[in-house]
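Colleague: Only the shape, not the letters, is given here:
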């Protein structure tokens, strides 16, 4: 073995001793491989003050607080309707339509998909609903993982991020914790933690970051060799599959 490969082998062994980011325990929703629809259903459940979670108006109050519309603490909020997939005049679907005695709140919830929705159509739906209840104020919100560009917000919609909602829930939490159903407290915490993780990662050890930065060119060359080796192995396995006339999806030994 020449000196270069000997040095690389020592580097590979030394790399096994580098600190790694601490493993994060999965949330229940992560274990279940949650979808955007599942998270929206959970939000609807916790927003609905008539449901048995005993968190009362925590979620709807936190949602209003993100846009500066939180009523005084001695004024409870009661949801009169929480509608999922509310049909619009153009036969689109708004994720959540929430009605209280003071507000009509429309929420379009975005986790993975881009904001391609017809917000103007959604706004028409909210206006039509408000016309049935003249004393209410309309709030139109896009709830998202990352901030949405201002130019993408149409029809009076405002953007609220999961982080902003979580901050308001945490601020209000103490007022509700003693009366809430213990199981549903855990479910809400799991939901908020899952959404929070979409924008956060455990930090890397700074010495490791510095090492990777100083040696980026050489390490990228090594990675290119690894990819080349992987391609070579796949090519050889494909030749074996062809030689034994195995079907393309044959996985027993390959």
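Modeller: Cool, the structure landed. These numbers come from a predicted model, not from an experiment. Numbers count the residues shown, from 1 in each chain.

Colleague: The residue most central in space within the chain sits in which helix or strand?
Modeller: Closest to where the C-alpha atoms of the chain average out (Cα atoms, centre = their mean) is residue 195, at 4.1 Å. Here residue 195, judged by DSSP states H and E, is contained in helix 182-197.

Colleague: ok, back up a step: any idea how far the nearest residue to the residue nearest to the centre of the chain once chain neighbours are set aside lies from residue 2?
Modeller: Once flanking residues are discounted, residue 195 sits nearest to residue 162: 4.2 Å by Cβ to Cβ, 6 or more residues apart in numbering. Where C-beta positions appear, they are placed from N, C-alpha and C, glycine not excepted. Going from residue 162 to residue 2 by Cβ to Cβ, to the nearest Å gives 53 Å.

Colleague: and these two? which has more neighbours close in?
Modeller: Each of residue 162 and residue 2 has its neighbours counted (other Cβ atoms under 10 Å); residue 162 has more, 23 against 6.

Colleague: Contact partners for the more buried one?
Modeller: 143-145, 192, 195-196, 198-199 (Cβ atoms under 8 Å, 6 or more residues apart in numbering).

Colleague: Pick out the most distant pair among the residues you listed.
Modeller: Among the contacts of residue 162, the pair separated by the greatest distance (Cβ to Cβ) is 144 and 192, at 14.8 Å.

Colleague: which regions of the stretch 51-200 of the chain sit below the pLDDT cut-off?
Modeller: Within the stretch 51-200 of the chain, no stretch has pLDDT under 70.

Colleague: just the helices in it please.
Modeller: All helices of the stretch 51-200 of the chain, identified by DSSP state H, counting those that start in this stretch, fall at 58-65, 119-131, 162-176, 182-197.

Colleague: Buried residues of the longest one, list them for me.
Modeller: Across helix 182-197, burial judged by 16 or more other Cβ atoms under 10 Å covers 184-185, 187-188, 190-195.

Colleague: can you list the domains in this protein?
Modeller: By the assignment in automatic domain parsing, the chain contains the domains 28-197, 203-254.

Colleague: so what's residue 34 closest to, chain neighbours aside?
Modeller: That would be residue 194: by Cβ to Cβ, 6+ apart, it lies 6.5 Å from residue 34.

Colleague: How about the contacts made by that neighbour?
Modeller: 27, 29-30, 34, 39.

Colleague: just the buried members of those?
Modeller: 27, 29, 34, 39.

Colleague: what's the closest of those to residue 217?
Modeller: residue 27 (38.3 Å).

Colleague: what is the mean pLDDT for the longest helix along the chain?
Modeller: Determined from DSSP state H, the single longest helix within the chain is helix 216-243. Average pLDDT, helix 216-243: 80.

Colleague: let's number from 45 now, not from 1
Modeller: Done: numbering now begins at 45, and the last item shifts to helix 260-287.

Colleague: quick check, distance from that helix to the centre of its chain.
Modeller: In this view, helix 260-287 has its centroid 34 Å away from the chain centroid, taken as Cα atoms, centre = their mean, to the nearest Å.

Colleague: mind checking which of the domains of the chain is nearest residue 56?
Modeller: Per Cβ to Cβ, nearest to residue 56 of the domains of the chain: domain 247-298, 8.8 Å.
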